[in-house]
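> model the following, please.
(chains A and B)
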2 protein chains.
Amino acid sequence: MKRVGFIGLGVMGMPMATNILKAGYPLTVWNRTREKMRGLVSMGAVAGESPKDVAEKSDVVITMVADSPDVEQVILGSQGVIEGAHPGLIVVDMSTISPRVTIRIAKELEKKGVKMLDAPVSGGDVGATQGTLSIMVGGPEDAFKECLPIFQVLGKRITYMGSSGSGQITKLCNQVICALNIQAVCEGLMLAAKAGLDLQKMLNVVTGGAASSWMLSNLAPKMIKRDFEPGFKISHQLKDLHHALSLAEDLKIPLPGTALVSQLFRIVEALGMGDRGTSAAIVGMERISGFEIKASEGA
Amino acid sequence: MKRVGFIGLGVMGMPMATNILKAGYPLTVWNRTREKMRGLVSMGAVAGESPKDVAEKSDVVITMVADSPDVEQVILGSQGVIEGAHPGLIVVDMSTISPRVTIRIAKELEKKGVKMLDAPVSGGDVGATQGTLSIMVGGPEDAFKECLPIFQVLGKRITYMGSSGSGQITKLCNQVICALNIQAVCEGLMLAAKAGLDLQKMLNVVTGGAASSWMLSNLAPKMIKRDFEPGFKISHQLKDLHHALSLAEDLKIPLPGTALVSQLFRIVEALGMGDRGTSAAIVGMERISGFEIKASEGA
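A predicted model of the protein is given here:
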């Protein structure tokens, strides 16, 4: 059984590392805030001294941190994973970061004989806890096959997408679609509310048909109840849209809807609500419209 | 059993009128192009001489025509329904038109003692044929209750939304959400294709999760196959977005996403593809991006 290292014990990383440990893998962990390692250590994990130390003690090192600079730091930085490189080591970055940065890190690791997979996930903290994440993987296919049993502990829908970066690109396509679907819900609700429709009745009508979406079913009721608990944070959605728009810029294609929605979500962040869930997107629309939707307007 | 009149035997109206006739209602029909009445007459319907004549021979007159001016013409115009007004007559407009025009027509009819319902539908020609349309109804509630047995012949999800115009407004909210969900699919596909992802693999990954929508499941495969058969025509989607944006203008609220998508769909119309299905939205994005998506790019 492969020795696994896990770096980054946040909202996502903690339950993922826990599932790996429970599945019986020898586990070494590392987190910038060291107290977060205690729970896993009490369950049998080893606390690494540094990402380098984790790499030296592992066959597969998984990173699950916030963004591109964090991944660069723990892999290529001082006392980073790369300093603990040894033959056969595979690095699996499951954060959602820039595909360009992913490819660059993979190339650096390759020089040391280390293979890297980009394997971002969707499904949120619930999926992380239940081991039902969707995992989209880019990088060398032989490394993917070696890591597949570990992925199967973490998720359900596991797809090999192709060369390095293609996992990240797939995730960004997912986020582009999500963002526009969120805006669709916002604009439908704003129009209905200002026109005086009963919002719940309107949702009942449109949810069954061609307007249906996961966002409509899941976020619209939260928007009406003004439940802005994450879920997925506005600031993380903005980070992902930033990467999607940067990729589109590299590719020289316009994504006008994504660009607009990104700016509208930026309003929510400017209002100090970046840490709220994506249901808070409605607040930006309310602010630029000068009124708030209400649970029962009555027709 | 109520005597029904049906005005407008197009792609939607023909199967709807047929279902009413099959359900045993005495039916009088009228269509601008008179030949279209033949089939229904051979099944037992009466061919009306004019909308006025249809109204004189009916308890409930249903209109299913293209847009606001057509509804105004057949109801308020010369030889229109209003000229055949009689006590107890109910007019049901099932076209998707301007809520403002709906309310105005309803007021004119009210002066003659005629009640009007606005009852636009979703579900397309398939729903019309199978009698599974969604019907969203505005107008006097007693008239709605009187007409409910007829609606139950035509559709499955029938919702009374409130006062005159609220059926139309609900439909416009539906169309706003649909339009942004279509754009979401376009931008996800454009990014994936230009980045060299396998489009089918990408769709398989994102269709199961938070990005899922009716449009993703139904239109994305058509876009990849370049199947632009309607379905629902770009020109009709544009008409509905025009009404939604006009309503938002009356209400003095911004719908920035809807406005943008409307302009992008306008590109498809400008390319001479207004009569193609909404899957042709991808063609506008391709035109402004200078490349076409392909079935299998391979990663």
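> what mean pLDDT does stretch A:31-42 get?
Taken as a whole, stretch A:31-42 has a mean pLDDT of 97.
> what about that stretch, distance to the chain center?
Here the centre of stretch A:31-42 is set off from its chain's centre by 22 Å, with CA atoms, centre = their mean, to the nearest Å.
> give me the buried positions along it.
A:31, A:36, A:37, A:40 (16 or more other CB atoms under 10 Å in any protein chain shown). C-betas here are computed from N, CA, C, even on glycine.
> list the single closest residue to the first one in space, sequence neighbours excluded.
Excluding its sequence neighbours, the residue lying closest to residue A:31 (CB to CB, 6 or more residues apart in numbering or on different chains) is residue A:9, at 4.2 Å.
> ok, the one you found touching residue A:17?
Yes - if you go by CB atoms under 8 Å, residue A:9 and residue A:17 touch, sitting 6.1 Å apart.
> common neighbours of the two, please.
In terms of CB atoms under 8 Å, 6 or more residues apart in numbering or on different chains, residue A:9 and residue A:17 are both contacted by the residues A:29, A:40.
> give me every residue in the stretch 1-150 of chain A lying close to chain B.
Counting by CB under 8 Å from any CB of the partner chain, the positions of the stretch 1-150 of chain A adjacent to chain B are A:99, A:122, A:123, A:134, A:136, A:138.
> out of those, which one has the weakest pLDDT?
On pLDDT alone, residue A:123 ranks lowest of these, at 90.
> correct me if wrong: that residue contacts residue A:171.
No - with contact defined as CB under 8 Å, residue A:123 does not count as touching residue A:171 (11.5 Å).
> who has more neighbours, the two?
residue A:171 (29 against 22; other CB atoms under 10 Å in any protein chain shown).
> separation between the more buried one and residue B:191?
Remark: distance between residue A:171 and residue B:191 (CB to CB, to the nearest Å) = 11 Å.
> and if you look at residue A:95?
On the measure of CB to CB, residue A:95 and residue B:191 end up 19 Å apart.
> with residue A:19 instead?
Per CB to CB, residue A:19 is found 31 Å from residue B:191.
> comparing the two, which shows the higher neighbour count?
residue B:191 (26 against 19).
> not counting its neighbours along the chain, what's nearest the more buried one?
That would be residue A:173: by CB to CB, 6+ apart, it lies 5.3 Å from residue B:191.
> distance-wise, check residue A:208 relative to chain B.
Note on residue A:208: its distance to chain B, by CB to the nearest CB, to the nearest Å, is 6 Å.
> could you give the residue of the stretch 51-200 of chain A that lies closest to chain B?
Ranked by CB to the nearest CB, the top residue of the stretch 51-200 of chain A for proximity to chain B is residue A:162, at 2.3 Å.
> was I right about that residue contacting residue B:195?
No - using CB under 8 Å, residue A:162 makes no contact with residue B:195, being 10.2 Å away.
> which residues touch the residue nearest to the spatial centre of chain A?
Closest residue to the average C-alpha location of chain A: residue A:96 at 5.1 Å, with CA atoms, centre = their mean. Counting by CB under 8 Å, 6+ apart, residue A:96 touches A:120, A:168, A:171, A:172, A:175, A:236, A:239, A:240, A:243.
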